[in-house]
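# Using only what follows, build the 3D model:
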Amino acid sequence: MSERLSRRRYVAGTGAALALGTLAGCSGGGDGGSGGNGGGDDSGGGSEAEALDDVPSALDEYLSDARLYDGSILDYTGEDEVTVRVGAGDVGFAFDPPAIRVDAGTTVVWEWTGQGGAHNVQSAEDSASEFNSGSAVTEEGTTFEQTFDSAGIQLYYCLPHQTSGMLGGIDVVEG
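Residues are numbered from 1 along each chain as shown. Here you go, the predicted model:
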């Protein structure tokens, strides 16, 4: 009888822990969620971005192992400037948001959170254009910006944490 009771307690406790973890995941603070609106008031002008599921296949494939990537892309078309947090997620090994859509001519500003160690932003081999923030840095508030003048898929990563899933992508569309 006591063995069965302890199994019941174990199952009940595990179920409660899973339910609590699921509810905590809804807040967008962990690496498994969408990360909320991808920066809230820090994103170009403070407007809310709409999450879309029409992610270009090249972007979706590249981000398949990216932290915080949930298969959607945040639409920031119409914004002049968009901010992406560098060092996001529960261990600081993510870009937030990991996937964005912007108009050609938009400036993307990457801003360091100070979490997860030293980071940089570097275009991937299959990116439509080349960009590089330089050496990895840790200081909160550091920024790097790039204006994307023509349409194309921009793929990027953090060199020190690329294998940990610190990947990002931008779908630049004609405005």
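# mind listing what His161 touches?
Contact analysis of His161 by Cβ atoms under 8 Å, 6 or more residues apart in numbering lists 93, 116-117, 119. Glycine gets a C-beta too; all of them are placed from N, C-alpha and C.
# Now restrict those residues to buried residues only.
93, 116, 119 (16 or more other Cβ atoms under 10 Å).
# Test my guess that the first one contacts Gln162.
Meaning Phe93. No. Judged on Cβ atoms under 8 Å, Phe93 makes no contact with Gln162 at a distance of 9.7 Å.
# which residues do these two both contact?
Residues within reach of Phe93 and of Gln162 at once, by Cβ under 8 Å, 6+ apart: there are none.
# ok, the nearest residue to Val137 once chain neighbours are set aside - how many residues close by?
In space, Val137 comes closest to Ala118 once its chain neighbours are excluded; the distance is 5.8 Å by Cβ to Cβ, 6 or more residues apart in numbering. Residues near Ala118, counting by other Cβ atoms under 10 Å, number 15.
# Start at 470, not 1
Fine by me, first position is 470 from now on; the one you just mentioned is Ala587.
# Just give me the neighbour total for the closest residue to Ala568 other than its chain neighbours.
Using Cβ to Cβ, 6+ apart and skipping residues adjacent in sequence, the residue nearest Ala568 is Ile542, 4.2 Å away. Counted with other Cβ under 10 Å, residues neighbouring Ile542 total 27.
# Run through the bridge partners of Ile542.
Leu521 (DSSP bridges).
# repeat for Val555
Following DSSP bridges, Val555 is listed with bridge partners Phe564, Trp581.
# Report the contact partners of the residue nearest to Asp565 when sequence neighbours are not counted.
Closest residue to Asp565 apart from its sequence neighbours, by Cβ to Cβ, 6+ apart: Ala557 at 3.4 Å. For Ala557, the contact set (Cβ under 8 Å, 6+ apart) comprises 504, 537, 563-565, 582, 584.
# Just give me the closest of those residues to Thr612.
Ranked by distance to Thr612 (Cβ to Cβ), those are led by Thr582 at 11.4 Å.
# Excluding chain neighbours, what is closest to the closest one?
By the measure of Cβ to Cβ, 6+ apart, the closest residue to Thr582 outside its immediate chain neighbours is Gly556, 4.0 Å from it.
# and that neighbour, how many neighbours does it have?
The number of residues packed near Gly556 is 26, by other Cβ under 10 Å.
# give the contact list for it.
Counting by Cβ under 8 Å, 6+ apart, Gly556 touches 562-563, 581-586, 588.
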